[in-house]
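Chemist: Structure for the following, please:
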Amino acid sequence: MSAHPLEQLRSLARSWGPDEELPMTEVAAVLDQLATESPGSLLQACRRLIEYFPAAGPVWWLSARVLSAADPAEAVWQAADELSEDPTGRMFADALPPSVTVGLPGHSRAVALALRRRPDVTVEKKPGRADLVVVTALAGGPADLLVSARAEAAIGHAVKSGKPVWALVARGVLLPQGLWEQLLLRVQASGGCGVLSARTFSAGVSDSGKGAIDAVLSGPTCPAVAELLGWKS
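Modeler: Sure, this is the predicted structure:
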């Protein structure tokens, strides 16, 4: 007998490390099963997923997309496809200036793969020695970004030395105000991350390419669904 979808979700959460990217195909399969066989459990599953990983913007984004959809089963796979096909890493690689040395504290696998397109670019293991520091945001709101503690420290050093800092805001990372506020409440309780003002960053890179950070943070693609506002664990 196969495990209940909620137990499958719990097992996925246990095997997913905090520094790893969301196993989107596996999560989507579990939510799809719930949406088809037990739609009444879908909200509970999304909330549990958020409780496991409150700092992961894409978890909130995925949950909001699924819970607001007329057909949740279809919505979960559409959202999963959008995350899997996110071109932000490629946009970042294309936007880099020639022969630059880049510091990438806490960068994602997608960024590492995208940099293969730019053999002229050097990745400096010590961000303080880089020409440009680029940080992958964990989540974002209208005027701020959530980053890992390691990235926050690297950004502080870069700003003090006058080096430019770019923010990578991948698809699914950016949240509307209501969800962003809920995320911050939960992250502040768990710690381990830093919230930085958009003014900290010289530029932002999204799935649309490089631009002013305010413009990059202006277009969340999920609604602030009521089911994820004001609830307690």
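Chemist: Next one: the spatially most central residue of the chain relative to Ala35, how far apart?
Modeler: In the chain, the residue lying closest to the centroid (C-alpha atoms, centre = their mean) is Val173, at 3.7 Å. To Ala35, Val173 is 24 Å away according to C-beta to C-beta, to the nearest Å. From N, CA and C alone the C-beta is placed, and that goes for glycine too.
Chemist: Where do the domain boundaries of the chain fall?
Modeler: Per the record's domain assignment (automatic domain parsing), the chain is made up of the domains 5-85, 88-216.
Chemist: Return the member of those domains having the minimum mean pLDDT.
Modeler: Of all the domains of the chain, domain 5-85 carries the lowest average pLDDT, namely a mean of 86.
Chemist: could you show me where the helices are in the protein, in order?
Modeler: According to DSSP state H, the chain carries its helices in the segments 5-15, 24-37, 42-52, 57-67, 72-84, 88-95, 109-114, 149-160, 177-190, 213-216.
Chemist: To Gly128, which of those helices lies closest?
Modeler: Taking C-beta to C-beta as the measure, these were each checked against Gly128, and helix 149-160 came out nearest at 5.2 Å.
Chemist: Show me what that closest one is packed up against.
Modeler: Of the remaining helices and strands, those touching helix 149-160 by 3 or more C-beta pairs under 8 Å, 6 or more residues apart in numbering; DSSP states H and E are strand 132-136, strand 165-168, strand 193-197.
Chemist: Please produce JSON lines containing the ones you listed, extended by mean neighbour count and distance to Val187.
Modeler: Putting those into JSON lines (neighbours: other C-beta atoms under 10 Å; distance: least, C-beta to C-beta, whole Å) gives the following:
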{"stretch": "strand 132-136", "mean neighbour count": "26", "distance to Val187": "16"}
{"stretch": "strand 165-168", "mean neighbour count": "24", "distance to Val187": "17"}
{"stretch": "strand 193-197", "mean neighbour count": "18", "distance to Val187": "6"}
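Chemist: and the gap between the residue nearest to the centre of the chain and Trp60?
Modeler: Distance, Val173 to Trp60, by C-beta to C-beta: 9 Å.
Chemist: follow-up on the earlier one: leaving out sequence neighbours, find the closest residue to the residue nearest to the centre of the chain.
Modeler: In space, Val173 comes closest to Gly57 once its chain neighbours are excluded; the distance is 4.1 Å by C-beta to C-beta, 6 or more residues apart in numbering.
Chemist: In contact with the residue nearest to the centre of the chain, which residues?
Modeler: For Val173, the contact set (C-beta atoms under 8 Å, 6 or more residues apart in numbering) comprises 57-58, 61, 137-140.
Chemist: please redo it, this time with the cut-off set to 6 Å
Modeler: Val173 makes contacts with 57, 137, 139-140, as judged by C-beta atoms under 6 Å, 6 or more residues apart in numbering.
Chemist: now these as TSV including neighbour count and distance to Val187?
Modeler: Written out in TSV, the entries for the contacts of Val173 read as follows (neighbours: other C-beta atoms under 10 Å; distance: C-beta to C-beta, whole Å):
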residue	neighbour count	distance to Val187
Gly57	28	10
Ala137	25	13
Ala139	28	8
Gly140	28	12
